[in-house]
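Novice: got a predicted structure here, sequence first:
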Amino acid sequence: MNPTACAPAPFFGDNLTAALIGDLETRGWAFAPDALPADLVAELRAEARALAREGWMREGRVGRGERETRAADVRRAAIRWLDGSTPAQARFLDGCEALRVAINRTLYAGLFEFEAHYAVYPPGGFYARHLDAFAGPPNGAGAAAAAGRIGMRSRLVSLVAYLNEAWEAPDGGRLAVWEAAPLDAEGRPDLVRLDAVPPAAELDPRGGSLVLMLSERIPHEVRPAAAERAAIAGWWRVNASVGGVVDPPR
Ligand SMILES: O=C(O)CCC(=O)C(=O)O
Ligand SMILES: [Fe+2]
């Protein structure tokens, strides 16, 4: 019996996978330009555009549950969650599953489940500087405090896949990434202080390019886009019920 018969089909080969995971481990983020199959990107782009046109997407919201706020001043984009119900979505989620398995195998990260949404930014759309997850309490805090914050820290690795057909520099919409968040006196991230710090990179949202980031560690922002900008943003979570290990070994 072929043990790989049921393995999910990866987006790309082992060398690129290893290089991305290496960058994720050493500097907290990784970028692979032009990494996704062009036919898959075209199908996903068509879906995102159709959904946006048909008005099935809702205004992007920031946060979850009670903390969810309508925040057009923070993010101007329309989102729709992927459910795997179309062949393109199923293939995309399959590639993400292959990445999850590879990341877990290399970093012992305990990534458990994946969630992702289309995000279509209209001309003028942006997403202000943020972290995708809140870090757990500092070392030495009690287990009860840690348990109470499991939900907030369950996003470990972020993924962004760009779907834009012909993106040029004047279209803007770059993703700026910083490699660390300064902390305030209480030990909370103080992202305003990064105003004075040039980003480590500004990444073009060209179709087929892929970004990975450690959700708790890498501040990032979407600069204003001059043209419609389509992407899929996704996150791997740990299994909150067992409170998986956050930090990769170093
Ligand atoms: O589209 C991007 O480049 C990043 C989006 C993002 O940061 C997010 O959805 O959390
Ligand atoms: Fe983000």
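Specialist: Nice, I can see it. Note that the structure is a prediction, hence the values are computed from the model and not measured. Ligands and ions are numbered 1, 2, ... in the order given.
Novice: all helices for the protein, in order.
Specialist: Using DSSP state H, the helices of the chain run over 14-27, 38-53, 87-107, 143-148.
Novice: can I get these in a markdown table including distance to ligand 1 and mean neighbour count?
Specialist: Where C-beta positions appear, they are placed from N, C-alpha and C, glycine not excepted. Below are the helices of the chain laid out as a markdown table (distance: least, Cβ to the nearest ligand atom, whole Å; neighbours: other Cβ atoms under 10 Å):
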| stretch | distance to ligand 1 | mean neighbour count |
| --- | --- | --- |
| helix 14-27 | 16 | 15 |
| helix 38-53 | 12 | 17 |
| helix 87-107 | 15 | 18 |
| helix 143-148 | 24 | 10 |
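Novice: distance of Leu36 relative to ligand 1?
Specialist: Noted for Leu36: a distance of 14 Å to ligand 1, by Cβ to the nearest ligand atom, to the nearest Å.
Novice: over to Glu115?
Specialist: 11 Å.
Novice: show me what that residue bridges to in the sheet.
Specialist: Taking DSSP bridges, one finds Trp235 as the beta-bridge partners of Glu115.
Novice: so what's it up against?
Specialist: Glu115 makes contacts with 81, 234-235, 237, as judged by Cβ atoms under 8 Å, 6 or more residues apart in numbering.
Novice: of these, select the buried ones using a PyMOL command.
Specialist: Entered in PyMOL, the line below selects the buried ones among the contacts of Glu115, by 16 or more other Cβ atoms under 10 Å:
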select buried, resi 234+235+237
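Novice: now, which of the contacts of Glu115 sits nearest Tyr108?
Specialist: Arg237 (15.8 Å; Cβ to Cβ).
Novice: correct me if wrong: the closest one contacts Ala116.
Specialist: No: in this structure, Arg237 is not within contact of Ala116 by Cβ atoms under 8 Å, at 11.5 Å.
Novice: spell out which parts of this protein neighbour ligand 1.
Specialist: Residues of the chain lying close to ligand 1 by Cβ under 6 Å from any ligand atom are 119, 127, 132, 160, 175, 205, 220, 222, 231, 233.
Novice: now do the strands in the chain.
Specialist: Taking DSSP state E as the test, the strands found in the chain are 29-32, 58-59, 61-62, 69-70, 78-81, 111-121, 127-130, 155-162, 175-177, 201-203, 210-214, 220-222, 229-238.
Novice: roughly how far does Ala196 sit from His220?
Specialist: Using Cβ to Cβ, to the nearest Å, Ala196 is found at 17 Å from His220.
Novice: same check, this time on Leu183
Specialist: To His220, Leu183 is 17 Å away according to Cβ to Cβ.
Novice: next: Asp83.
Specialist: Taken as Cβ to Cβ, the span from Asp83 to His220 is 26 Å.
Novice: helices and strands of the protein: which one bottoms out on pLDDT?
Specialist: The helix or strand of the chain with the lowest confidence, counting by mean pLDDT, DSSP states H and E, is helix 143-148 at a mean of 44.
Novice: what does the residue nearest to Ala38 when sequence neighbours are not counted show for phi and psi?
Specialist: Spatial nearest neighbour of Ala38, chain neighbours left out: Gly208 (6.3 Å); criterion: Cβ to Cβ, 6 or more residues apart in numbering. Here is the backbone geometry of Gly208 (degrees, to the nearest 10): phi 90, psi -10.
Novice: Gly208: neighbour count?
Specialist: Residues within reach of Gly208, counting by other Cβ atoms under 10 Å, total 21.
Novice: model confidence score at it, please.
Specialist: pLDDT, Gly208: 98.
Novice: isn't Leu203 right next to Gly173, touching?
Specialist: No: using Cβ under 8 Å, Leu203 is not in contact with Gly173, being 10.0 Å away.
Novice: higher neighbour count, these two?
Specialist: For Leu203 and Gly173, the more surrounded residue by other Cβ under 10 Å is Gly173, and the numbers stand at 23 against 19.
Novice: would you confirm that the more buried one contacts Ala225?
Specialist: Yes: with contact defined as Cβ under 8 Å, Gly173 reaches Ala225; the gap is 3.1 Å.
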